[in-house]
Structure formats: structure tokens, C-alpha cells
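J.: Just a sequence and a predicted model for now, questions to come.
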Amino acid sequence: MAEVIKMPRMSDTMTEGVIVEWHKKVGEKVKPGDLLAEVETDKATMELESYNEGTLLYIGVEKGKSVKVEEVIAVIGREGEDYKAALGDASTGASEKEEPKPDEKDAASNGAPKAEAPKKEAPAVTPEQLGVTVIRMPLLSDTMTEGKIVKWNKKVGDKVKSDDNLADVETDKATMEVVGYTDGTLLYIGTPEGEAAKVNDVIAIIGKEGTDVSALVDSLNSAQDAQPAPEPSVKEEKPASAAAAQPAEEAPASDGNGRIKASPLAKKIAKDKGVDLKLVQGSGDGGRIIKKDIDNYTPAAAKAATAPAAGAVAAFTAAPGTEGYTDVSLSQMRKVIARRLSESKFGAPHFYLTMEIVMDNAMAARIRMNEVSPVKISFNDMVVKAAAMALRQHPAVNSSWMNESIRQWHHIHVGIAVAIEDGLIVPVIRFADQKSLSQIAAESKELSGKARNKKLQPNEFSGNTFTISNLGMMDIDEFTAIINPPDSAIMAVGRIKETVVKKGDGFGVSNIMKITLSCDHRSVDGAMGAAFLQTFKKYLENPVTMLV
């Protein structure tokens, strides 16, 4: 009997997937474990394997098209078998979940045909009828609600290939590329540069050259409650950003924001070969690096890239005796920081516990460890390790408030707050309690560098169960931090300061570091937080215990 293959849910936040590539064609034999297709989710590109044996009878989703979770994408059965019955059963089940179409409601209702009559015009042109692909704002991070179009790399009328970078999108975490995954002509741009679009809003349409998509655009805009009217004026109000974007295309492999312009395939091959993209001269549009550039690259031919300093801020100047101000537009990251921390501060009842840590032994131990460590261990790395080991003993602090329950995590993922130009981002050291100090140091250094260059991937800045914010390197003695959702606690770390203390019959100098634990009182009580800090203090004041 024919078996229907549906789009599986490959991540907890996935609502739809894009078929990047089919690895089987209709008529080919399929065995359990065979790779059917590659699917791009909101987290990564993943492989879809077959759990059935037979012949691939039907493919319901073309390469490059998106499909919702649980919708039919293929049918596998016996060679020559009539699969339409199985396909009909699946589509019938799906249609039962959908709202009746307006004209069906009219036909079924005797009392209100006149009131519903205007809705009969709703069935408009569909993308399938026109043979076009609708590009929507993808979900590029787990906290993303909208994305800002930093730059369009193609104009209406341009030819595009399936791996072309259509646009650079700024999310709440980083600036990422939007790839069309289809060949054709760019027929429509729905969101101008500098403007934001909500996740799943239509941002572009790709299809055959000359296709009239105006009716489709009207239908899509009304469906998503978009407001297209302001778009023309916005485009005219933004000439500066458009002009500023032009010179960036002249740079061989940089988009002007310090990011490397390269196709996804070129990035993958470069990563596999260990090639630094900064040293590769791109031959694609606007100096973009493509596959053949990586294939033809040799270290001897590499030229050092001299990228302009990103994020340089002009010095403030004003004539004497004049007043003035500058309105700085909010980045997507700053918007999300404002929203999430406001929700945390005013939604979670915070309380604070401050403790002094004597760092004399830690300072001496760090010197000795760095003599043999393959990577330099910082005091923050020691804080991460001590906190992770203390969390293992106090699982109540390693928790999240779930409204109807408290979720105590069995794994320990420690987030490290990193300040960047646009705000704050939290790379995550996963399974921190199971890693050595040198492993934590290496991973922390790599993630912090990616964060400052806006190259973090979603799995590298999500999933934290506890967070550390350290301002000690900026000479801050002590401070309180706002809890980073979904955590129940965050540790604020101040600087190490020489302090006169009583020693024996006299006085001496000790190196003291103050830390403050912010706790969500809904899930962590004062005694729980205090017990956690006592364990943390023991580890940090006697670092040899962290090496066991």
C-alpha cells in the first residue's frame, strides 16, 4: 500500500521547511535509510531520510518551494501502484482543518448569501497558477519576530540563481543572508531597504520574466494584513542608505558591513577545506565569492584583505552655544533587547544576592594553568566553570519558569553576555560542567569573536539555562543584571580589587571580587540562591577542586 510522506517537524520552533534538494526522482527505488531530500528549517539544513521501502511514486513539492509541517511532500509505494487514493485521503484530512472557502460558505448557507457575497472575489491568483515563487521573511532565530532589510543585492528585473544572496537581513541576533533557492527573474520587492518585515511576510517574488504579479501581490498583501501604501514614500525617504550601499559592491568580497559576500555552497566548501574567505577574491556579482573561486584558490595567490573599519562612529561636534540632538534609529537587536528585558524586569520578580570572593588562590592557580594550557584561560572562564559545577549541585537555580510549572534542566548551558556595537548578545557554552577550563576558554574566545563579527549561528546563541555578565574588565566594582529569559538567574561579575583585610594579628591585602546573583523569585527562593553562591565561592576560592 502506498505510504504518504509528510513534512516532519525537525525543530521545536519549525512551522515549515524549504526543499533545498531532492535526492530521488519519481520512479526510483527507495530503501529505508535512503536520503530523500535536504530540507532547510528555521535552524539549519537537515537531511530527510526514508523509513519506507518501495518506489518513489509522487513528489508534491518542487525544489526551492516551502511546505508547512505535516503537509504531504511525497508518496512511496509499489511500482505502478495507483497512489492517488492515499494522496486524496491525506489532502482530505488536511482540508478538514482549514476554514471553508467563502464561496463554499455561501453555497451552504441559506440565510446569509448576500452578506457573504463580496467574499466570492477572494479566490485570487495563486503562485502555482502563475508559476512563481513567493519569498517570505524567514525565521532566522528562535526569538526573531521581524527582520530589517539592510540591503537588497538584486533589483527588480535581475536574473537570480537558486544560491544567490537576494538580501541581507538584520535580525535581533545578527545580519544574515536570504537565499531564494529558485532560478528566475526578480519580479517584485515587497520591503524596501531600511524597512522591517514580520516573519513570514512576503518580501519578494521570483518567476518567469514578464509575468504580471500585481494581482497576486494584492491578494498576498490583504492576506497578511500588510500596509503597502507607505512603501513608495519610504523609498524616497531613504536615499542616503541606498547611496551608501553602492560603494560596498565594489569591494571584492565584503558587503560593507564587515561580512564576507559568498554563496552558501562556497562557504560550506571553504569551511570543509579550511580556507579563510577573507583571503579569497570573488568573481561573482559585486565581488561575491562563488564555488569556482574556492576550487581555484591557492594560498600562494591569496591577498590580504583590508576591510574598512566597521562601525566607526563620527565624533560629536557642535558650534558653541547651539542646541541639538541626533535620533539614532533602533536596530533589530536593540528592539528585541528592549522588549525582552522589559518583559523580564517587569514580569519576573527580581531579588539580588551579593557575595565577596577572595581571588588570591584563583589568581595564583591561573598563572600556573596558563603555563601548560594550549589557550589562555581568563578569570571569566574560571567563573563559567565554577558556576556550571555549582549548578550541577543546585538544579533549582538551573531552571525556567513555565507559568504552570518550573522546568529544571538536566543539562547546563551557560550564556556569556557579550557587548557588541548594536547592543548585547549571549553566546552559549553548552555542557559547560563537562568541559575543562581550556576547552571553555577556547570555545568562549571563538564564540565572542563570532558575536562581534555578527557571524553567530542560531544554535550558538540559544538554549542557555544560566547566564553570566562580566563588567570587571571595564573597572566596574559591582552591579545588578536583568535576568536573561528563559533563565531563572543571572550572575553579574565585578572587577578584582585589592582590599585591605584583617590577617591574623595585623592587616594585609587580598584580591576581592564581588558578584551579584539576580534571581526570579517565582522559581528560585533566597535560600536556594544563597546555597548556590556558597558552593560557587568554594570552587572559585579553591580552584584545584574544579580540576577533579
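T.: It's in.

J.: Would you map the helices across the protein?
T.: Counting by DSSP state H, the segments of the chain that form helices are 84-96, 102-108, 113-116, 127-130, 214-223, 231-237, 239-245, 264-273, 291-295, 332-347, 360-370, 379-393, 437-452, 526-541.

J.: Tell me who's in contact with residue 135.
T.: 166, 178, 180, 202, 203, 204, 205, 206 (Cβ atoms under 8 Å, 6 or more residues apart in numbering). Any C-beta I mention is one placed from the backbone N, CA and C, and that applies to glycine too.

J.: among those residues, which are in strands?
T.: Mapping the contacts of residue 135 onto strands (DSSP state E) picks out 166, 178, 202, 203, 204, 205, 206.

J.: Most neighbours out of these, which is it?
T.: Most neighbours among those, by other Cβ atoms under 10 Å: residue 206, with 28 neighbours.

J.: And it, what's its pLDDT?
T.: With respect to pLDDT, residue 206 scores 93.

J.: Please report the distance of it from residue 443.
T.: Here the criterion is Cβ to Cβ, to the nearest Å. By it, residue 206 lies 39 Å from residue 443.

J.: what does residue 501 give?
T.: Going from residue 501 to residue 443 by Cβ to Cβ gives 35 Å.

J.: Residue 67 too?
T.: Using Cβ to Cβ, we find residue 67 at a distance of 36 Å from residue 443.

J.: Which one of the two is surrounded by more residues?
T.: residue 443 (21 against 18).

J.: Contact partners for residue 360?
T.: The contact partners of residue 360, by Cβ under 8 Å, 6+ apart, come to 510, 511.

J.: do you know how far residue 281 is from residue 261?
T.: Going from residue 281 to residue 261 by Cβ to Cβ gives 11 Å.

J.: Neighbour count for the two, which is higher?
T.: Set side by side, residue 281 and residue 261 show more neighbours around residue 261, with 26 against 15, by other Cβ under 10 Å.

J.: thought the more buried one was touching residue 283?
T.: No: contact criterion Cβ atoms under 8 Å: residue 261 and residue 283 do not qualify, at 11.5 Å.

J.: from the chain's centre, how far out does stretch 27-38 sit?
T.: 30 Å (Cα atoms, centre = their mean, to the nearest Å).

J.: Could I get the buried residue list for that stretch?
T.: 30, 34, 36, 37, 38 (16 or more other Cβ atoms under 10 Å).

J.: In the sheet, which residues pair with the residue nearest to residue 5 when sequence neighbours are not counted? Tell me.
T.: Counting by Cβ to Cβ, 6 or more residues apart in numbering, residue 74 is the residue found nearest to residue 5 once chain neighbours are left out, at 4.2 Å. Applying DSSP bridges to residue 74 gives these bridge partners: residue 5, residue 59.

J.: mind listing what residue 74 touches?
T.: 4, 5, 36, 37, 56, 58, 59, 60, 61.

J.: list the contacts for the fifth one?
T.: Contact analysis of residue 56 by Cβ under 8 Å, 6+ apart lists 24, 25, 26, 27, 28, 29, 30, 36, 74, 75, 76.

J.: Could you tell me which of those belong to strands?
T.: If you go by DSSP E, the contacts of residue 56 have 29, 30, 36, 74, 75, 76 in strands.

J.: and residue 217, how far is that from residue 203?
T.: Distance, residue 217 to residue 203, by Cβ to Cβ: 12 Å.

J.: Also residue 274?
T.: Residue 274 is 34 Å from residue 203, by Cβ to Cβ.

J.: Need the CA coordinates for stretch 541-548. PDB is fine.
T.: Presented in PDB, the C-alpha positions along stretch 541-548 are these (Å, rounded to 0.1, in the frame of the first residue of the first chain):
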ATOM      1  CA  GLU A 541      38.400  30.200  46.100                       C
ATOM      2  CA  ASN A 542      39.900  26.700  45.800                       C
ATOM      3  CA  PRO A 543      40.300  26.200  42.000                       C
ATOM      4  CA  VAL A 544      42.000  22.800  42.300                       C
ATOM      5  CA  THR A 545      38.600  21.400  43.200                       C
ATOM      6  CA  MET A 546      37.400  22.300  39.600                       C
ATOM      7  CA  LEU A 547      40.100  20.100  38.100                       C
ATOM      8  CA  VAL A 548      38.800  16.900  39.700                       C
END
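
J.: could we number from 34 for the rest of this?
T.: In the new count, where the first residue is 34, that last one comes out as stretch 574-581.

J.: What's the mean pLDDT across that stretch?
T.: The predicted model assigns stretch 574-581 a mean pLDDT of 90.

J.: And for stretch 422-441?
T.: Averaged over stretch 422-441, pLDDT sits at 95.

J.: Keeping just the C-alphas, turn it into CSV.
T.: Output of stretch 422-441 as CSV, limited to C-alpha atoms (Å, rounded to 0.1, in the frame of the first residue of the first chain):
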residue,chain,number,x,y,z
MET,A,422,29.7,22.9,38.6
ALA,A,423,27.7,24.7,41.3
LEU,A,424,24.6,24.5,39.1
ARG,A,425,25.1,20.7,38.9
GLN,A,426,24.7,20.6,42.7
HIS,A,427,21.8,23.1,42.8
PRO,A,428,19.4,22.2,40.0
ALA,A,429,16.8,24.6,41.3
VAL,A,430,18.8,27.5,40.0
ASN,A,431,19.3,25.8,36.6
SER,A,432,15.6,26.2,35.8
SER,A,433,13.0,28.1,33.9
TRP,A,434,9.6,29.4,34.9
MET,A,435,6.9,27.8,32.7
ASN,A,436,3.8,29.5,34.1
GLU,A,437,2.2,26.2,35.2
SER,A,438,5.4,24.5,36.2
ILE,A,439,9.1,25.0,36.9
ARG,A,440,11.3,23.2,34.4
GLN,A,441,14.6,22.1,35.9
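
J.: buried ones in that stretch?
T.: 422, 423, 424, 427, 429, 430, 431, 432, 433, 434.

J.: Check stretch 542-559 too.
T.: 544, 545, 546, 547, 548, 549, 550, 551, 552, 553, 556, 557.

J.: Need those in CSV (columns: distance to residue 528 and pLDDT).
T.: Listed next are the buried residues of stretch 542-559 as CSV, based on distance: Cβ to Cβ, whole Å; pLDDT from 0 to 100:
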residue, distance to residue 528, pLDDT
544, 10, 95
545, 10, 96
546, 7, 97
547, 8, 97
548, 11, 97
549, 13, 97
550, 17, 97
551, 18, 97
552, 23, 97
553, 26, 96
556, 30, 96
557, 26, 96
